[in-house]
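A.B. asks: Okay, structure incoming, though there's no sequence with it:
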């Protein structure tokens, strides 16, 4: 397997990895920011959430693109046998789903004052 | 070539039919006799023991539930004392969560996953045997302690400071904490085995997108176990240290913090719910496809949902702590995650409904339990979204509303699919069918009585009845609903009695099952019922997601594994391409001896810290015995 093939394979997994990682960082990040300075957390938290939602969606886009380029060709419907396109499909869904969770958390952080104890 | 060398090189491609079967059975069988039974490393033997033991604990936990319902059936009853009631509700929760729900799901995986992925034994079979013994010793330790009036009495989550030495001076809490260590060691061992079996021992051609949905569910569950259980082991061990050698992990006057306990416990405790629920969804998918007579709609979506649910389950734990005074922003963030976990669960439910809609369903008992699951779990999910909201949770926290919610989720989400799974896989395990007539009675009695028992608890919670009270006065107006709930719970217990009768009757007189009585599509049905010690005479080659439907006449097989020693085929992770032949361990007494040494260490260490010192050498000796080269065929490369 060439280096390019190896890197190409990773692209199918991008959505599977980037979505959940972004969500985990968002959850912990906003908490940490509020601990240091609750007054400024609303702005900084919004920026963090927006950036991480974009990262999660980027995972979706990368997986979708990888699928369109190479993995789609191996798609053989209900028979299975196309693990790369399969993971790319899962990656597309994961990125979108976790971006939605981040957006929901962003809404929560906009509605609730970070200083409220 | 010498005769010995020829024998060592005997492969399954030079033998055929009965000759091959007999040779493989000779190599893979469990030795006969009592000692042989103690040495078994066959995943089917260990799996059956695990399932049986877990159901014994279900029976014991159910008896405790019945005792509680007798006590609560009317106001100011004196059937149980307050102290006994405390022990009983703690034992009920601990037994059901740690000794039944998680182990029984892992037990089904131990039995079924190797068959479903087309291999001859689970990865690390001796670890598997060790895991069972640890589980058995942990459960026996808890129950013997209870019978000696040293049963834990501080609730299944054993909150500090109630469980501190100051408020729980006897050994009751230590028993609970060490039972956790026993059962979590067992669960972690099985999780490792499942992950390795699924990743490296799949039949050739079983690519990632051809893995059966039940196996995917167990894979996700195994990862959850590996990341969640260490948290509660750290918690229980530090609690024992606080109690035994006066550390101060949970003492706020010395720099510790009681909330640390809740964080550690619930970081495990919430994924625990999904450790129980996700295998149930795998069972549902397996049963649904067979009885709807079509593959589950949206295979990638179901797997996306399984993985997403597993990951999200680690970001919800704070919703168990909404009334502890945490910052409101934190509560808001966890509310957001908690509500959004309904999305992947909902996706799965729509996939299952679409499968039923598009299929040609046959309403046999396993499918009835799946439909019961969908109804009850959706109801439990709705109340779950309610308690994910801070204002509602604040109102109903620690009331019977929460009791109703989690019984709907856990019994609906796990026990109904599990009973369906018993009806579905019993023919494979026992070789005989369960009675369909008794099964239908079993389902309707269970479905109706479950709702009679638990639905009124929502109202009891809303009108203020708190959890864990051992009695109440007549003027509280809780009597009627409690009586209805008690009657329902006894009828629910009766439904399990029907299941037991069905199993005992069918073991002797049930109709012979044959290899594939349901015309199912997955590989466990490609072998005889019950399966032979070697599982398959030749390893199947998978060319389709539903191999038995695609190759209904003759299943393609791979040949070349040794017929003279225990050997499994190792394949690549994504594509399941054959890589190497690997020796599989032979029966051994050392897993049992290691478990005995570990049990002595664990139990001793709740009485004296010196047990850590004198308890270690026996474990070391046992492990040396375990790994000592024996010169047998398994040691040959």
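C.D. replies: Right, received. Where do you want to start? Computed from a predicted structure; not experimentally measured.
A.B. asks: Tell me the residues on chain A that lie near chain B, please.
C.D. replies: A:16, A:20, A:23-24, A:27, A:30-31, A:34, A:38, A:41, A:78-87, A:89-90, A:93-94, A:97-98, A:100-101, A:104-105, A:107-109, A:111-114, A:116-117 (C-beta under 8 Å from any C-beta of the partner chain). Every residue, glycine included, has its C-beta placed from N, CA and C.
A.B. asks: and the gap between residue A:59 and chain B?
C.D. replies: From residue A:59 across to chain B, the span is 13 Å (C-beta to the nearest C-beta, to the nearest Å).
A.B. asks: rewinding a little: okay, and which of the residues of chain A next to chain B map to strands?
C.D. replies: The members of the residues of chain A next to chain B all map outside strands under DSSP state E.
A.B. asks: Could I have the buried ones of these as PyMOL selection syntax?
C.D. replies: Here is the PyMOL command that selects the buried residues among the residues of chain A next to chain B (16 or more other C-beta atoms under 10 Å in any protein chain shown):
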select buried, chain A and resi 16+20+23+27+30+31+34+38+41+80+81+82+83+84+85+86+87+89+90+93+94+97+98+100+101+104+105+108+109+112+113+114
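A.B. asks: what sits against residue B:76?
C.D. replies: B:471-474 (C-beta atoms under 8 Å, 6 or more residues apart in numbering or on different chains).
A.B. asks: Show the buried residues in those residues.
C.D. replies: When the contacts of residue B:76 are checked against 16+ other C-beta under 10 Å, the ones flagged as buried are residue B:472.
A.B. asks: Now tabulate the contacts of residue B:76 in a markdown table and tack on secondary structure and pLDDT.
C.D. replies: Converted to a markdown table, the contacts of residue B:76 look like this (DSSP: H, G, I helix; E, B strand; the rest coil; pLDDT from 0 to 100):
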| residue | secondary structure | pLDDT |
| --- | --- | --- |
| B:471 | coil | 96 |
| B:472 | coil | 96 |
| B:473 | coil | 95 |
| B:474 | helix | 93 |
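A.B. asks: and of the contacts of residue B:76, the nearest to chain A?
C.D. replies: residue B:472 (34.7 Å; C-beta to the nearest C-beta).
A.B. asks: my guess is that closest one contacts residue B:464, does it?
C.D. replies: No - look at residue B:472 against residue B:464 with C-beta atoms under 8 Å: they stay out of range, at 10.1 Å.
A.B. asks: What pLDDT does the model give residue 50?
C.D. replies: This is for chain A. On pLDDT, residue A:50 comes in at 92.
A.B. asks: was after chain B, sorry
C.D. replies: 97.
A.B. asks: could you list every residue that touches the closest residue to chain A within the stretch 351-500 of chain B?
C.D. replies: Closest contact between the stretch 351-500 of chain B and chain A, by C-beta to the nearest C-beta, is at residue B:390 (9.3 Å). For residue B:390, the contact set (C-beta under 8 Å, 6+ apart) comprises B:322, B:328, B:331-332, B:335.
A.B. asks: So which of the residues you listed would count as near chain A as well?
C.D. replies: Applying C-beta under 8 Å from any C-beta to the contacts of residue B:390, those adjacent to chain A are B:328, B:331-332, B:335.
A.B. asks: Narrow those residues to those in helices?
C.D. replies: Cross-referencing the ones next to chain A among the contacts of residue B:390 against helices under DSSP state H gives B:328, B:331-332, B:335.
A.B. asks: among these, which ones are buried?
C.D. replies: Here, 16+ other C-beta under 10 Å leaves B:328, B:331-332, B:335 buried among those.
A.B. asks: Tell me how far stretch B:11-24 lies from the chain's centre.
C.D. replies: Mean C-alpha position of stretch B:11-24 versus that of the full chain (C-alpha atoms, centre = their mean, to the nearest Å) differs by 36 Å.
A.B. asks: And stretch B:262-280, by the same measure?
C.D. replies: 12 Å.
A.B. asks: Now the helix ranked longest in chain A: buried residues?
C.D. replies: Counting by DSSP H, the longest helix found in chain A is helix A:38-69. The neighbour-count check on helix A:38-69 (16+ other C-beta under 10 Å) flags A:38, A:41-42, A:44-45, A:48-49, A:52-53, A:55-64, A:66-67 as buried.
A.B. asks: Next up, the contacts around the residue nearest to residue B:457 when sequence neighbours are not counted.
C.D. replies: Using C-beta to C-beta, 6 or more residues apart in numbering or on different chains and skipping the chain neighbours, the partner closest in space to residue B:457 is residue B:404 (3.6 Å). With contact set as C-beta under 8 Å, 6+ apart, residue B:404 has these partners: B:383, B:454-455, B:457-458, B:460-461.
A.B. asks: Need the pLDDT of residue B:404.
C.D. replies: pLDDT at residue B:404 comes out at 97.
A.B. asks: Could you look up the SS state of residue B:554?
C.D. replies: The assignment at residue B:554 comes out as coil when based on DSSP: H, G, I helix; E, B strand; the rest coil.
A.B. asks: thinking again about what came up before, are any of the contacts of residue B:404 buried, and if so which?
C.D. replies: B:383, B:454-455, B:457-458, B:460-461.
A.B. asks: Among those, which pair sits farthest apart?
C.D. replies: B:383 and B:460 (13.3 Å; C-beta to C-beta).
A.B. asks: Flag every residue of chain B that's near chain A.
C.D. replies: B:205, B:207-210, B:295, B:299-301, B:303-304, B:307-308, B:311-312, B:314-315, B:325, B:327-333, B:335-337, B:339-340, B:343-344, B:543-546, B:550, B:574-575.
A.B. asks: For ChimeraX, what selects the buried ones among the residues you listed?
C.D. replies: In ChimeraX, this line selects whichever of the residues of chain B next to chain A come out buried by 16+ other C-beta under 10 Å:
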select /B:205,207,208,209,210,295,299,300,301,303,304,307,308,311,312,314,315,327,328,329,330,331,332,333,335,336,337,339,340,343,344,543,544,545,546,574,575
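A.B. asks: Just the ones in strands from the residues of chain B next to chain A, please.
C.D. replies: Among the residues of chain B next to chain A, no member falls in strands (DSSP E).
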